[in-house]
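>>> Predicted model and sequence follow; I will ask about them next.
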Amino acid sequence: MASFGSFSLIIALVLAAYNLLAGAFSLFLMAQNRPARISAERLADTARRAGIASFIAISAAAFALVWSVFTNDFSLLYIAEHSNIALPGPYKFAALWAGQEGSLLLWAWLLAVYGFVLRLTHKTDVKLYAYAGTILAGIQLFFLILLNVVAQPFALIPGYVPGGPTPADGNGLNPLLQYAEMVIHPPLLYLGYVGFSVPFAFALGALMMRYPGEKWIKITRKWTMVTWLFLTAGIFLGMHWAYAVLGWGGYWGWDPVEIASLLPWLTGTAFLHSVMMQEKKGLMKSWNVWLIFSTFMLSILGTLLTRGGLVSSVHAFAQSSIGYWFIVFLVIVAAVCIFTYILQFSHLQEAPSDHGLVSREAAFLFNSLVLLSVCFVLLWGTLYPILSEFTVGNKVTFDAVWFNRIAVPMGLFLLLLTGIGPLLPWRSTSLRSIRRNFVLPVLVLWATVIACLVLGMNPWKGGVYDRSSFYALVCFAVSAGVLTAIFSEFFRGAGVLMRKSGRNIFAATFLLIRRNTRRYGGYIIHIGVVVSMLGFAGAAFNKNVEKEMAPHDKLDIGGYSMELVTSSQDSNLNYNTEFAMLDVYRHGQKQFEMAPEHRVYLASQQPQTIVAIHSTILWDLYVVYEGTNPDTGQPIIKAYLNPLVSWLWAGVLIIVLGTVIALSPSVKPTAVQGEDSGILPGQKEINTAGGIA
Amino acid sequence: MNSTQGMIAAALLMIALMVYTFWPDNGFAGQHEKTRLEYLLERKEQLAENLRDLNFEFGAGKYPEEDFQKASQQLESEQAQLMIEIDLLQKA
């Protein structure tokens, strides 16, 4: 399979190169409108087909690698280093992205999948798709060069001759990756990273060809949203993995690789919002172009940080010196973007806008600016150790406290904007309008502040200011205000449909969502964001306690009492494990059992913590087996009580639901539904066939 | 699969993909420049959607009457200008 895989990658490289060159040449011929011996359109179609063929060749290579993992072909260096015979089947898939070469192959394959779908649907707008397909081929070529030259997944073990002996077993998979979510977290994250290539290619292509109008945004909207969804789900799954596997009681530690995944998410989120301004009003064209350019470049930077060995991280499972290749690629991409932008600048001119400072346009711009500011600060904090080492020879790093000090207030401000934006009308806002829309959310916000203080959440308790409690208080209050604002939008819209069609509130709300899936799906996403933010706020009240325990000893935390029943050892073909069995009591009654573990994997001899977690809607009881005291042989147990953690995961489920709704097509109003398109009696009706009736 | 079999399989894959890429098929979709009229019709559709949204939000009580009238007039004026140009281009 090694030779088949290697040759498939060479074939893919040749086809991607042809796709790029033939595609670019045909577009050049058409732009020049010169007669040529070969039909430019025919040439463009062979380029498109080469792109599809390249997908098949990369798929063949990916299949060859997966086959080699499952057949334990340890003549391949990659398989010998990242798998072993006893590795359970699902984790053999995870071996595909456990190392540098495999993860780059995954990147290339996912890009090929996106490109395949794009090239199959090219009849939507043949010329725009030809530009986008050619740009994607350029990105694909870079990854195929890496796979064929510097990170070959089918390289043989040193000194191996065909038919000769191979190692009896491999080194095994990194234990941190031997967790169920790790089978889906990296592919989801990669789908997010890679997926931003598509809107990037469309935006750059539209700029290169001076695409008239904003229809390219409608074409790419679904691509952008799907990509954003994958990245969001990937980030949250990564958090859940860190929470359940790393055993430090938290889910986000401002690790460089965590930040690397957040950066394109921030600019991608800003793009998803501000691009609506361009689509609806023809505004913010330059801004949007640079947002999507930045998002793509930050995705590449994220891959560089994860895979290039630029920073050290618990998440960076493969490190090497290919960072220079990525830096060169980033410089080329930036140069192409800047050159195209300067060349086509006149195409991005827009009519002067007359919107006021308090309007939805201004809210979109403000939201974008804040997201971008957060992104810049995080990027600065992440790259500063590298820059300081390069410039003054001294590596200066920022800790989680620094990141929290900056990111938490900015995040709360973004949360506030989530509530304000939808309430503001387009163009300008009168005082009456502000009163009408904001009185109720503001009242609820202040009522929440008072309720929290009355219930004892006082950041100034005992005369000592507690910043975490203060931020939590602000988060709870702002969340209440934002939820009120969002639900009032639903009730108002449903009210119109109830009056017109006589439906009840539930049927009217359901119809309202179906009638404008984009808007109301977006509001549901905002609800998910609020719920997740409440989950983050719960961290202000985390507690933990550690104790060395003999059998029948008790450990108390937050109303729970844990009794050690026994501690023991076990082993199987893959690992040895030490674990503790704990009975958990509340109000004197036994509620459940917990069994935290500490494993040592046989192939790699690496340790791994398996945390025991009991989740409720209010808090998580999180128990870690820290090891044994070498003097007494007794287990050391650390227990955490983490409030509202399950809200984080519930929030992301709501975000997924909202995105799926926003991606669904809206239904058109019909006479059968018993209501019109929202036009009230006496208002002018739009005759979409020919103007205003 | 040994090395020789792998190379034969890869060679067959290469031939199949080359045939697919360069097969003389003239049924491909042609490219064309988007016309000004096509652009204006897209814009008209967008303005109609903006006006529908505005009407709906007014119906939902989000805008006071005078704000709604002002925003509505601006959109309608924009739409009227667009229609004049569309008519001219369609006649031409």
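That came through fine.
>>> Doesn't A:Val623 belong to a strand?
Yes. When classified by DSSP: H, G, I helix; E, B strand; the rest coil, A:Val623 is found to be part of a strand.
>>> name the element residue 80 belongs to?
If you meant another chain, say so; for now it's chain A. In this assignment (DSSP states H and E), A:Ala80 forms part of helix A:77-82.
>>> Hmm, no, I was thinking of chain B.
Assigned by DSSP H and E, B:Ala80 belongs to helix B:65-91.
>>> got it, and A:Gln569?
Mapping A:Gln569 onto the secondary structure by DSSP H and E places it in strand A:560-571.
>>> what's the answer for A:Trp265, then?
If you go by DSSP H and E, A:Trp265 is part of helix A:256-281.
>>> give me the number of residues near A:Gly535?
Taking other C-beta atoms under 10 Å in any protein chain shown as the criterion, the count of residues near A:Gly535 is 22. Heads up, the C-betas are built off the backbone N, CA and C, glycines and all.
>>> Please identify the helix or strand for A:Ile406.
Element membership of A:Ile406 [criterion: DSSP H and E] is helix A:400-420.
>>> which ones are touching the nearest residue to A:Leu283 once chain neighbours are set aside?
In this structure, A:Leu283 finds its nearest non-sequential neighbour in A:Met277, 4.6 Å apart by C-beta to C-beta, 6 or more residues apart in numbering or on different chains. Going by C-beta atoms under 8 Å, 6 or more residues apart in numbering or on different chains, A:Met277 touches A:283-284, A:288, A:361, A:364-365.
>>> List just the nearest of these to A:Asp556.
Ranking the contacts of A:Met277 by separation from A:Asp556, with C-beta to C-beta as the measure, puts A:Phe364 on top at 50.6 Å.
>>> mind checking the SS state of that closest one?
helix.
>>> Local confidence estimate at it?
Among the per-residue scores, A:Phe364 shows a pLDDT of 86.
>>> A:Leu272 is in contact with that one, correct?
No. Applying C-beta atoms under 8 Å, one finds A:Phe364 not in contact with A:Leu272, separated by 10.6 Å.
>>> which of the two has more neighbours?
Comparing A:Phe364 with A:Leu272 by other C-beta under 10 Å, the one with more neighbours is A:Phe364, at 25 against 21.
>>> Quickly list what A:Pro643 is bridged to.
A:Trp619 (DSSP bridges).
>>> Report the separation between it and A:Phe329.
For A:Pro643, the distance to A:Phe329 under the criterion C-beta to C-beta, to the nearest Å works out to 44 Å.
>>> Then A:Leu304?
9 Å.
>>> Mind listing what's buried along the helix holding B:Ala80?
When burial is assessed from 16 or more other C-beta atoms under 10 Å in any protein chain shown, helix B:65-91 yields the following buried residues: B:67-68, B:71-72, B:75-76, B:78-79, B:82-83, B:86.
>>> how about low-confidence regions in chain A?
With pLDDT under 70 as the threshold, chain A has low-confidence stretches at A:35-36, A:307-321, A:354-356, A:669-693.
>>> for chain B, which spans come out with low pLDDT?
Applying pLDDT under 70 to chain B flags the ranges B:1, B:26-32.
>>> Weed out the non-buried ones from the contacts of A:Met277.
With neighbours counted by 16+ other C-beta under 10 Å, the contacts of A:Met277 contain buried members at A:283-284, A:288, A:361, A:364-365.
>>> Report how many residues lie close to the closest residue to A:Tyr520 other than its chain neighbours.
Using C-beta to C-beta, 6+ apart and skipping residues adjacent in sequence, the residue nearest A:Tyr520 is A:Ile513, 4.3 Å away. Under the neighbour criterion other C-beta under 10 Å, A:Ile513 is assigned a count of 23.
>>> surely A:Ile513 meets A:Gly658?
No. Taking C-beta under 8 Å as the contact criterion, A:Ile513 and A:Gly658 are not neighbours in contact, 9.9 Å apart.
>>> Overlap in contacts, the two.
Taking C-beta under 8 Å, 6+ apart as the contact criterion, the residues that touch both A:Ile513 and A:Gly658 are A:521, A:524.
>>> From the buried ones among the contacts of A:Met277, pick the one nearest A:Glu626.
Minimum separation from A:Glu626 among the buried ones among the contacts of A:Met277 (C-beta to C-beta) is found for A:Phe364, which lies at 48.8 Å.
>>> Residue 61 is in what secondary structure piece?
Looking at chain A here, since you left the chain open. Assigning secondary structure by DSSP H and E places A:Ala61 in helix A:40-70.
>>> picking up where we left off before, what about the helix holding A:Ala80, distance to the chain center?
Relative to the centre of its chain, helix A:77-82 is centred 29 Å away, using C-alpha atoms, centre = their mean, to the nearest Å.
>>> Nearest residue to residue 64 in space, please, no chain neighbours.
This is for chain A. With C-beta to C-beta, 6+ apart as the measure, A:Gly5 is the residue that lies nearest to A:Ala64, at 3.3 Å, once sequence neighbours are left out.
>>> you looked at the wrong chain, it should be chain B
Nearest residue to B:Pro64 in three dimensions, chain neighbours excluded: A:Arg432, at 4.4 Å (C-beta to C-beta, 6+ apart).
>>> related to what we said a few turns ago, mind listing residues that contact the helix holding A:Ala80?
By C-beta under 8 Å, 6+ apart, the residues outside helix A:77-82 that reach it are A:65, A:68-69, A:72-74, A:95, A:98-99, A:101-102, A:153-158, A:166-167, A:170-174.
>>> List buried members of those residues by neighbour count.
Buried members of these, counted by 16+ other C-beta under 10 Å: A:65, A:68-69, A:72-74, A:95, A:98-99, A:101-102, A:153-154, A:156-157, A:166, A:170-174.
>>> Sort out for me which of those residues are in helices.
Taking DSSP state H, the ones among those that sit in helices are A:65, A:68-69, A:101-102.
>>> Find the residue at the geometric middle of chain B.
Nearest to the mean C-alpha position of chain B, counting by C-alpha atoms, centre = their mean, stands B:Glu42 at 7.5 Å.
>>> What helices and strands are in contact with the helix or strand containing that residue?
Secondary structure assigned from DSSP H and E places B:Glu42 in helix B:36-59. Packed against helix B:36-59 by the contact rule (3 or more C-beta pairs under 8 Å, 6 or more residues apart in numbering or on different chains; DSSP states H and E) you find helix A:256-281, helix A:467-501, strand A:686-687, helix B:65-91.
>>> tell me the domain boundaries of chain A?
Taking automatic domain parsing as the domain assignment, the ranges for chain A are A:1-159, A:179-399, A:407-540, A:541-646.
>>> Can you give me the first-to-last residue distance of the longest one?
By C-alpha to C-alpha, to the nearest Å, the extent of domain A:179-399 from end to end equals 27 Å.
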